[in-house]
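In: kindly return the folded structure for what I paste below:
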Amino acid sequence: MDIVYIRGLQVETVIGIYDWERTIRQALCIDLEMGTDIRPAASRDDIDQTLNYKAITDRLIEFISQSEFLLIETLAEEIAALVMDEFSVPWLRLKLAKPTAIPQATEVGVLIERGEAF
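Out: Residues are numbered from 1 along each chain as shown. Coordinates of the predicted model:
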């Protein structure tokens, strides 16, 4: 299995359980690893044969910036489902962090892995 990845993607959204969090936009940081086989794209030098990280990034920015979830866990599951369904990704590892959630910490968040490695 090969991995196409996106690291440090920052997107602002409404996220959180507290009333004050529902009135502001907070920055989230996303690291995404997606399992794939890059050999078909490499042998043909063809973007249509691989995971297009630009298209995935654009879709994630659109989805996350328009979302308004209470829990980061819910958003992580929705991101995973979107990437797997819309981009035919069989396996992924996603880190979703709220850098400003706890002042004493660099970031807090969730790390999930979904799908089957091949």
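In: got the contact list for residue 80?
Out: Residues near residue 80 by Cβ atoms under 8 Å, 6 or more residues apart in numbering: 92, 94, 112, 114. All C-beta spots, glycine's among them, are computed from the backbone N, C-alpha and C.
In: so where do the strands sit in this structure?
Out: With strands called from DSSP state E, the chain shows them at 2-15, 26-36, 68-69, 91-98, 108-115.
In: neighbouring strands for the last one, and are they parallel or not?
Out: To tie it back to what came earlier, the one meant is strand 108-115. Sheet pairing for strand 108-115, assigned by DSSP bridges, gives strand 91-98 (antiparallel).
In: low-confidence ranges, this protein, go.
Out: Low-confidence segments of the chain, defined by pLDDT under 70: 118.
In: picking that back up, got JSON lines for the strands of the chain, with distance to residue 49 too?
Out: Formatted as JSON lines, the strands of the chain follow (distance: least, Cβ to Cβ, whole Å):
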{"stretch": "strand 2-15", "distance to residue 49": "12"}
{"stretch": "strand 26-36", "distance to residue 49": "10"}
{"stretch": "strand 68-69", "distance to residue 49": "34"}
{"stretch": "strand 91-98", "distance to residue 49": "18"}
{"stretch": "strand 108-115", "distance to residue 49": "20"}
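In: same list (the ones you listed) but as a markdown table, adding mean neighbour count and distance to residue 46.
Out: Formatted as a markdown table, those follow (neighbours: other Cβ atoms under 10 Å; distance: least, Cβ to Cβ, whole Å):
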| stretch | mean neighbour count | distance to residue 46 |
| --- | --- | --- |
| strand 2-15 | 15 | 14 |
| strand 26-36 | 19 | 14 |
| strand 68-69 | 14 | 36 |
| strand 91-98 | 20 | 22 |
| strand 108-115 | 15 | 24 |
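In: in the sheet, who's paired with the nearest residue to residue 109 once chain neighbours are set aside?
Out: Among residues not flanking residue 109 along the chain, residue 97 sits closest, at 3.4 Å (Cβ to Cβ, 6 or more residues apart in numbering). Here residue 97 sits in beta bridges with residue 29, residue 109, as judged by DSSP bridges.
In: next, work out how far apart residue 97 and residue 12 are.
Out: The spacing between residue 97 and residue 12, counted by Cβ to Cβ, to the nearest Å, is 13 Å.
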